[in-house]
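Visitor: Sequence and predicted structure below; questions after.
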Amino acid sequence: MRTLTLTLLLLTLVAGRPVPVAAQFIDDDKADKPATTTAPGAESRLRNPRKMYLAVGITVQAAGGALRGVSGTAPVPNDWEEQKVKLVHEERSPEVRGLTYRTIGSTTKQLLMTAPTVAANSAAKVLLTFELTRYEIAAPQDTKQFRIPEKVEPSVRPYLGASPYIETRNVKIRDLAKKLIAAKEGASDWEKVEALYDGMRERVKYKNGKLKGALAALNDGNGDCEEMTSLFIAFCRINGIPARTVWVPEHCYPEFYLVNKEGKGQWFPCQAAGDKAFGSMPDVRPILQKGDNFIIPDNPKPQRYVAETLKVKDAAGGQKPRVEFIRRQVSSPESGPAVPNAF
C-alpha cells in the first residue's frame, strides 16, 4: 500500500467531541479476554490471540525560530471485535499543553495535540503506547444461515454508497456487479458475495502503483490492495451488501456485512490481495481505522483515509519545523526500540 503524503499547514480534521486522554482505552477487566459480539458463534471464530505494543506520536522540532500555535493529529487504534486496545504508557514534553482524543464518525479515533509555543531549538513531543490484543478470524462453518440484509440499520447505511475511488455509480462497474450476482441464481447469499470476490480477483491482478481507483483497476486489469479492495466493495454495495475498508499498517482489505437467521448483523473480512481468504482473516496487524469516506470541515472533498496532520500558525523567520509522525511496533509498554520489520 502506498505511503500517504503529509503536508504542513494543511489541516485535515473531522469534527468530533474531544475527551480527556486518560479516560480512553483503560479497561483492565477486558484487556486479555476474548472479544465478544452479538452474532451466535462469533466468539469461537476468534483464534490465536496475539499481544503487541504500538507506539503512536508526533514530534515537532523548531528548526530555526520559535513556533506558535502548533496543533497536530494522528489516528490511533480503536476497539473492534477482533482487537482490544489499552493505553499503557504516555510521554509528552512540557510544550504540549493539550492532549485529547475525538471520534471521527463512529469508527475512527484521533489523537489531538496542541502546543501554544515551541522555543527555538526545542521540540514538542507526544508519544503514546497502546497494548493491543489482536485475534485471527476464522470463516463460519454454517455459511448458509447468512443473508444479504433486506433492511439496513442506520449505523451501516453509510457503507452502501459511493466513496472516493469506489465508483458505485459507474455503469461498467454496476453492470458487471449485477451480472456476477445474476450468474449465481439459486446459490446462497454467502456464495453470491464470494462470486463478487472471485470476480474481482479474476479481473484485477496485483500490481503496485499510484492510487487510481476501482474503475481504472478494472479497465487496466491490475491494481494493488487499495484498488482490489475498492472494486470488491463497489461490487458489494451495488448489490445492497454493506462493505468497507479496513486499514492496517502498509495494507488494507475489505469486510462485508451480512445478517444471520435471527436478523443480527456481522462483519466478515476477506483478503483482496494475496492468498485467498474469504470470510476469514489470518492477518493480525493492528487495525488503524475502518471506513473509506470521511468528511473534513476544512475540506469539502471526502477523504478515504484519516491521515496525520500538522498546523503551525506562525514560524519565526519563516523556517518550517521538522516534523515526525510516529507509528511503530515496540517491544515493551515503555516505548522501547522499534521491532525490525514489524509490519
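Guide: Nice, I can see it. Numbers count the residues shown, from 1 in each chain.
Visitor: Flag the shaky bits of this protein, pLDDT-wise.
Guide: 1-43, 297, 334-343 (pLDDT under 70).
Visitor: How is it divided into domains?
Guide: 19-136+294-330, 139-279 (automatic domain parsing).
Visitor: For residue 287, find the nearest of those.
Guide: domain 19-136+294-330 (5.1 Å; CB to CB). From N, CA and C alone the C-beta is placed, and that goes for glycine too.
Visitor: which residue is nearest the middle of the chain?
Guide: By CA atoms, centre = their mean, the chain has its centre lying nearest to residue 289, at 2.4 Å.
Visitor: separation between that residue and residue 206?
Guide: Residue 289 is 23 Å from residue 206, where distance means CB to CB, to the nearest Å.
Visitor: wait, is residue 233 part of a helix?
Guide: Yes. The assignment for residue 233 by DSSP: H, G, I helix; E, B strand; the rest coil puts it in a helix.
Visitor: show me what contacts it?
Guide: Shown in contact with residue 233 (CB atoms under 8 Å, 6 or more residues apart in numbering): 163, 166, 214, 243, 244, 245, 254, 292.
Visitor: quick one: secondary structure of the last one?
Guide: Look at residue 292: counting by three-state DSSP, its state is coil.
Visitor: contacting residues for it?
Guide: Residue 292 touches 163, 164, 166, 230, 233, 244, 245, 304, 305, counting by CB under 8 Å, 6+ apart.
Visitor: Also the third one?
Guide: With contact taken as CB under 8 Å, 6+ apart, residue 214 is in contact with 165, 166, 167, 170, 173, 227, 230, 231, 233, 234.
Visitor: Tally up the residues packed near the third one, please.
Guide: Spelled out, it's residue 167. 20 (other CB atoms under 10 Å).
Visitor: And it, how far from residue 174?
Guide: Taking CB to CB, one finds residue 167 at 9 Å from residue 174.
Visitor: ok, back up a step: between the contacts of residue 214, which is closest to residue 67?
Guide: residue 165 (34.9 Å).
Visitor: In stretch 274-286, which residues are buried?
Guide: 277, 278, 279, 280, 281, 283, 284, 285, 286 (16 or more other CB atoms under 10 Å).
Visitor: ok, which pair from the residues you listed is furthest apart?
Guide: Farthest apart among the buried residues of stretch 274-286 by CB to CB are 278 and 286. That separation is 22.3 Å.
Visitor: related to what we said a few turns ago, in a markdown table, list the contacts of residue 292 along with distance to residue 95 and secondary structure.
Guide: Shown next, in a markdown table, are the contacts of residue 292 (distance: CB to CB, whole Å; DSSP: H, G, I helix; E, B strand; the rest coil):
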| residue | distance to residue 95 | secondary structure |
| --- | --- | --- |
| 163 | 37 | strand |
| 164 | 35 | coil |
| 166 | 40 | strand |
| 230 | 40 | helix |
| 233 | 41 | helix |
| 244 | 37 | strand |
| 245 | 35 | strand |
| 304 | 32 | coil |
| 305 | 28 | coil |
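Visitor: For those, give me TSV that also has distance to residue 126.
Guide: Output for the contacts of residue 292, formatted as TSV (distance: CB to CB, whole Å):
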residue	distance to residue 126
163	31
164	29
166	33
230	33
233	34
244	29
245	27
304	26
305	21
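Visitor: after whichever strand or helix holds residue 128 comes which helix or strand?
Guide: Assessed by DSSP states H and E, residue 128 sits inside strand 123-137. As assigned by DSSP H and E, the chain's next helix or strand after strand 123-137 is helix 171-182.
Visitor: Other residues contacting that next one?
Guide: Contacts of helix 171-182 (CB under 8 Å, 6+ apart): 167-168, 192, 195-196, 199, 214-215, 218-219, 231, 234-235, 238-239.
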